[in-house]
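*Asks:* next come a sequence and a model predicted from it.
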Amino acid sequence: MLRSTMSSTALLLRGGNIARRIITQAQAQAPSSSSLSLVASSSSSYSNDHHFQMRWNNSGRMMSNGSYGESIPDEYIEELDETEGEWIGCSKKFLAPISVSSRGSEILNNPLFNKSSAFKSGERDRLRFRGLLPPRVTNMQIQKERVLQEIRVEESMIRKHVILEDLHDTNETLYHRILVDHMEEMAPIIYTPTVGQACNEFALRYRRPRGMYFSADDRGHMAAMVYNWPQPVVHVIVVTDGSRILGLGDLGANGMGIPIGKLSLYCAAGGIAPHRVMPVVLDVGTDNEALLKDKFYLGLQRPRLQGPAYYHLVDEFIQAVRHRWPDVLIQFEDFSSDKAQKILNKYRDESLCFNDDIQGTGATTLAGVLGGLRAKGEQPTSLGDQRILIAGAGSAGIGVAQVLLQAMMEHGRTEEEAKKCFFVADHLGLLGTERLHKLSPEQAKFARDTDGGMSLSDIVNKYKPTMLLGMTAVGGLFTEQLIKDMAKHCERPIIFPLSNPTSKAECSAKQAFEWTDGRCIFASGSPFQPVHMEDGRIFHPSQCNNMYIFPGLGLGVTLCGAKTVSDRMLNVAAEALANFVTEEELAQGKVFPNLSTIRDVSKKVAIAVIEEAIRTGQASKLSQREIADLDSFVSKKMYDPIYVPLIEKRTISI
Ligand SMILES: NC(=O)C1=CN([C@@H]2O[C@H](COP(=O)(O)OP(=O)(O)OC[C@H]3O[C@@H](n4cnc5c(N)ncnc54)[C@H](OP(=O)(O)O)[C@@H]3O)[C@@H](O)[C@H]2O)C=CC1
Ligand SMILES: CC(=O)C(=O)O
Ligand SMILES: [Mg+2]
């Protein structure tokens with residue numbers, strides 16, 4: 001955008017490219033200007049909130065915020081000239097420099113700032129590490145190719161994971177660039193299924209600190225401990241107590257791999273800046289016998305805290321982080337189901353938090369189910385006509401049931417009518433009212449008056465469900481007979497084995513397609529390869545994983561300043577995700593968009609969530625101008641991993 005007056009020209013720019021060329025362009029357009037102003041909104045890197053101005057006058061003098069000026073150093077211009085970037089709209093994208101107080105090897109050892117061989121010669125001099133790097137300067141593209149080559153020649157998924165996490169610990173910008181550009185290939189490495197193995201082997205492979213640990217021994221210290229975190233502002237925390245990591249059970253402090261993996265997705269898929277996230281393990285001990293005896297295990301080797309002592313510890317942690325960062329979003333992740341719902345119920349109305357396994361999974365599955373109905377040529381309103389068998393009555397199973405129930409009610413069903421659509425089973429069979437006293441209030445809602453204890457197989461044959469959703473963490477639970485019975489009663493059954501990692505999936509994609517002769521609509525928690533049938537048909541399984549919801553949900557609520565995460569927000573997030581699936585994808589049997597589009601998905605989810613926040617008066621941070629163009633506002637705020645010029649703090653302060 002170019003604003004011009006008689007005496008000055010201001011360019012409003014975003015992102016990054018070449019300062020000198022911008023100035024030249026502006027001079028050409030406004031040759032009579034006596035001064036030029038570049039207003040660079042640094043949404044591009046490091047920050048969702050840095051915003052500063054740099055001004056140059058026509059004789060090449062640079063003034064920061066108009067108040068202080070000096071000549072632009074030649075090497076600085078040269079460096080910006082060489083910077084990669086792209087044009088945005090009619091204007092040049094400008095890389096807003098980051099001023100740093102560190103120097104020399106401190107910068108090279110800081111993964112947020114390090115660019116390794118991509119540091120230009122001017123930066124090497126100014127920041128005093130000339131000679132500490134090999135002389136040849138390469139760009140990010142070359143670096144990316146080298147890492148991709150290293151990953152691709154490696155066959156073991158865990159070794160690929162190690163390569164990527166090493167990069168994460170040394171150069172976050174390159175790490176996130178690779179995730180953004182190759183999400184489909186990288187997600188199974190940094191996330192499910194490989195993150196399961198990474199957690200199992202976390203202590204063995206421990207290298208560098210990442211995240212924070214609050215342990216049972218830290219009681220009374222947490223309010224002070226939060227100030228040990230080096231970043232002044234945190235937007236998103238993912239916290240686990242390690243008690244139910246994927247479907248792998250109690251992994252104690254080894255569960256740290258999950259918050260780290262989820263937050264990588266927050267940055268790459270959701271556009272939250274990496275220095276604004278904090279992975280956390282609440283180490284309350286472990287009941288995993290093997291870990292209690294493992295000499296390499298790094299968590300507390302004692303039984304888990306239980307009862308009031310456990311909840312006091314959780315509370316101390318929440319109060320501590322809220323004290324330092326009142327607006328931070330807390331995502332509860334992989335807490336065992338007995339604790340998960342209680343913690344959520346306690347904090348959900350008073351602070352910005354949600355439980356990903358309950359609510360994120362619920363919203364994601366709703367989107368998949370709506371996609372499935374579309375694929376069958378049915379309207380969303382037909383949701384309330386479905387018969388839904390949910391195997392697994394833990395956080396995930398009940399979370400999905402709650403979100404689907406809510407959606408049915410939004411489509412006009414009463415709660416009593418909607419509840420009749422559900423058949424929820426645990427390892428004792430169908431939840432029935434005869435064991436209400438043993439069920440949580442959330443489970444009790446789905447208990448049926450008749451047939452309590454009925455097996456999955458009997459439920460399928462008696463009630464002829466149209467959907468079979470698995471959240472049991474029991475690999476192979478969906479047998480050939482069960483799936484064939486589903487297909488006998490329903491032309492196009494929706495079959496979602498959602499347990500993670502792959503070894504815990506209730507059935508594989510190949511099994512589901514083969515046993516239904518290709519008629520099922522399939523999605524799984526962990527990814528499966530396309531299935532090639534003997535008759536030559538190819539089926540494309542989708543991945544139904546909460547990664548499609550939480551990054552956008554988090555982006556939306558943190559950008560708009562929401563105080564809580566409401567049920568409606570989950571519902572609109574699910575609809576935004578469902579609407580993103582194209583007719584072409586549906587025709588291929590996919591009910592989720594391709595992972596390569598996940599940043600766009602997250603943007604749409606964030607916008608839907610913000611619109612809901614605006615509707616309910618929760619969007620306290622937004623100006624009228626931002627509200628008027630949410631698409632551009634959210635796009636601008638999304639972190640994009642590109643190298644930003646580093647300058648010494650004394651030159652310009654942000
Ligand atoms: N795809 C995704 O996005 C997500 C997937 N998940 C996955 O879902 C799974 C479950 O998570 P969560 O709910 O927290 O775990 P829980 O352990 O709390 O729940 C598991 C449930 O499965 C039941 N179950 C166990 N065996 C059987 C059986 N043979 N038949 C029927 N039900 C059985 C358990 O019953 P009982 O209590 O009686 O033993 C329990 O109700 C995990 O594998 C997790 O990775 C979770 C979140 C998101
Ligand atoms: C995906 C996820 O959150 C889980 O399996 O727990
Ligand atoms: Mg989880």
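*Replies:* Here it is on my side, so go on. Ligands and ions are numbered 1, 2, ... in the order given.

*Asks:* which bits of the stretch 301-450 of the chain sit near ligand 3?
*Replies:* By C-beta under 5 Å from the ion, the residues of the stretch 301-450 of the chain that approach ligand 3 are 334, 357. Bear in mind the C-beta positions are built from the backbone N, C-alpha and C, glycine included.

*Asks:* which residues of the stretch 301-450 of the chain lie near ligand 1?
*Replies:* Within reach of ligand 1 by C-beta under 6 Å from any ligand atom, the stretch 301-450 of the chain has these residues: 337, 357, 361, 364, 391-397, 425-428.

*Asks:* also the stretch 501-650 of the chain?
*Replies:* Applying C-beta under 6 Å from any ligand atom, one finds that the stretch 501-650 of the chain approaches ligand 1 through 504, 525, 544-546.

*Asks:* just the strands in the stretch 451-600 of the chain please.
*Replies:* Secondary structure of the stretch 451-600 of the chain, counting by DSSP state E, counting those that start in this stretch: strands at 467-470, 494-497, 521-524, 531-532, 538-539, 542-543.

*Asks:* now do the fifth one: which elements does it pack against?
*Replies:* To tie it back to what came earlier, the one meant is strand 538-539. Counting contacts by 3 or more C-beta pairs under 8 Å, 6 or more residues apart in numbering; DSSP states H and E, strand 538-539 packs against strand 531-532.

*Asks:* tell me the pLDDT of residue 62.
*Replies:* Note on residue 62: pLDDT of 39.

*Asks:* oops, could you answer that again for residue 176 instead?
*Replies:* Looking at residue 176, its pLDDT reads 98.

*Asks:* go on, residue 648?
*Replies:* 83.

*Asks:* and it, bridged to which residues?
*Replies:* On the basis of DSSP bridges, residue 648 is bridged to residue 100.

*Asks:* hang on, the earlier thing: nearest to residue 124, of the strands of the stretch 451-600 of the chain?
*Replies:* Proximity to residue 124 (C-beta to C-beta) singles out strand 542-543 among the strands of the stretch 451-600 of the chain, at 42.8 Å.

*Asks:* what would the strands of the stretch 451-600 of the chain look like in CSV with mean pLDDT and distance to residue 349?
*Replies:* CSV is the format used below for the strands of the stretch 451-600 of the chain (pLDDT from 0 to 100; distance: least, C-beta to C-beta, whole Å):
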stretch, mean pLDDT, distance to residue 349
strand 467-470, 98, 28
strand 494-497, 98, 30
strand 521-524, 98, 32
strand 531-532, 97, 44
strand 538-539, 95, 43
strand 542-543, 98, 32
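
*Asks:* follow-up on the earlier one: a markdown table for the residues of the stretch 501-650 of the chain next to ligand 1, including distance to residue 271?
*Replies:* Shown next, in a markdown table, are these (distance: C-beta to C-beta, whole Å):
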| residue | distance to residue 271 |
| --- | --- |
| 504 | 30 |
| 525 | 24 |
| 544 | 22 |
| 545 | 18 |
| 546 | 17 |
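
*Asks:* now stretch 261-278: mean pLDDT?
*Replies:* Taken as a whole, stretch 261-278 carries a mean pLDDT of 98.

*Asks:* check the separation of the first and last residues in it.
*Replies:* End-to-end span of stretch 261-278 (C-alpha to C-alpha, to the nearest Å): 11 Å.

*Asks:* in the stretch 51-200 of the chain, what residue comes closest to ligand 2?
*Replies:* residue 192 (5.9 Å; C-beta to the nearest ligand atom).

*Asks:* ok, residue 139 touching residue 118?
*Replies:* Yes - with contact defined as C-beta atoms under 8 Å, residue 139 reaches residue 118; the gap is 5.8 Å.

*Asks:* for residue 643, give me phi and psi.
*Replies:* Main-chain torsions, residue 643, degrees, to the nearest 10: phi -70, psi 130.

*Asks:* what's the neighbour count on the nearest residue to it once chain neighbours are set aside?
*Replies:* The spatial neighbour of residue 643 that comes closest, neighbours along the chain excluded (C-beta to C-beta, 6 or more residues apart in numbering), is residue 115 at 4.9 Å. For residue 115, the neighbour count with other C-beta atoms under 10 Å is 23.

*Asks:* quick check: residue 422 touching residue 402?
*Replies:* No - with contact defined as C-beta under 8 Å, residue 422 does not count as touching residue 402 (10.0 Å).

*Asks:* ok, the two, which is more surrounded?
*Replies:* Neighbour totals were compared for residue 422 and residue 402, and residue 422 leads with 22 against 19 (other C-beta under 10 Å).

*Asks:* looking at residue 139 and residue 118, which one has more neighbours?
*Replies:* Set residue 139 next to residue 118 and count neighbours by other C-beta under 10 Å: residue 118 wins out with 22 against 15.

*Asks:* give the contact list for that one.
*Replies:* By C-beta atoms under 8 Å, 6 or more residues apart in numbering, the residues touching residue 118 are 137-140, 143, 643.

*Asks:* among those, who's most crowded?
*Replies:* Tallying neighbours with other C-beta under 10 Å puts residue 643 at the head of the contacts of residue 118, with 27 neighbours.

*Asks:* pretty sure that residue contacts residue 140?
*Replies:* Yes - the criterion here is C-beta under 8 Å, and residue 643 meets it with residue 140 at 5.9 Å.

*Asks:* and the residue of the stretch 551-654 of the chain closest to ligand 1?
*Replies:* residue 592 (10.9 Å).

*Asks:* excluding chain neighbours, give the residue nearest to residue 598 in space.
*Replies:* Spatial nearest neighbour of residue 598, excluding adjacent residues (C-beta to C-beta, 6+ apart): residue 269 at 4.4 Å.

*Asks:* what residues are up against that neighbour?
*Replies:* 179, 183, 547, 551-552, 598-599, 601-602.

*Asks:* which pair in these spans the largest distance?
*Replies:* 179 and 552 (15.7 Å).

*Asks:* more neighbours: which of those two?
*Replies:* With neighbours defined as other C-beta under 10 Å, residue 179 and residue 552 compare such that residue 552 has more, 30 against 24.

*Asks:* any idea how far ligand 3 is from that one?
*Replies:* As judged by C-beta to the ion, to the nearest Å, residue 552 and ligand 3 stand 17 Å apart.

*Asks:* also residue 118?
*Replies:* Computed as C-beta to the ion, the residue 118 to ligand 3 distance reads 35 Å.

*Asks:* and what of residue 561?
*Replies:* Separation of residue 561 from ligand 3 (C-beta to the ion): 26 Å.

*Asks:* wait, that residue touches residue 622, no?
*Replies:* Yes - counting by C-beta under 8 Å, residue 561 touches residue 622, with 7.2 Å between them.

*Asks:* what stretches of this structure score poorly on pLDDT?
*Replies:* Scanning the chain for pLDDT under 70 picks out 1-96, 650-654.

*Asks:* mind giving me the domain split of it?
*Replies:* The record's domain parsing of the chain by automatic domain parsing lists 8-96, 165-335, 359-607.

*Asks:* re the thing from before, in the contacts of residue 269, which residue is surrounded by the most others?
*Replies:* Greatest neighbour count in the contacts of residue 269, by other C-beta under 10 Å, goes to residue 602: 32 neighbours.

*Asks:* chain neighbours aside, what residue packs nearest to that residue?
*Replies:* Nearest non-adjacent residue to residue 602, counting by C-beta to C-beta, 6+ apart: residue 552, 3.6 Å away.

*Asks:* what of residue 222?
*Replies:* Using C-beta to C-beta, 6+ apart, the nearest residue to residue 222 is residue 320, at 3.9 Å.
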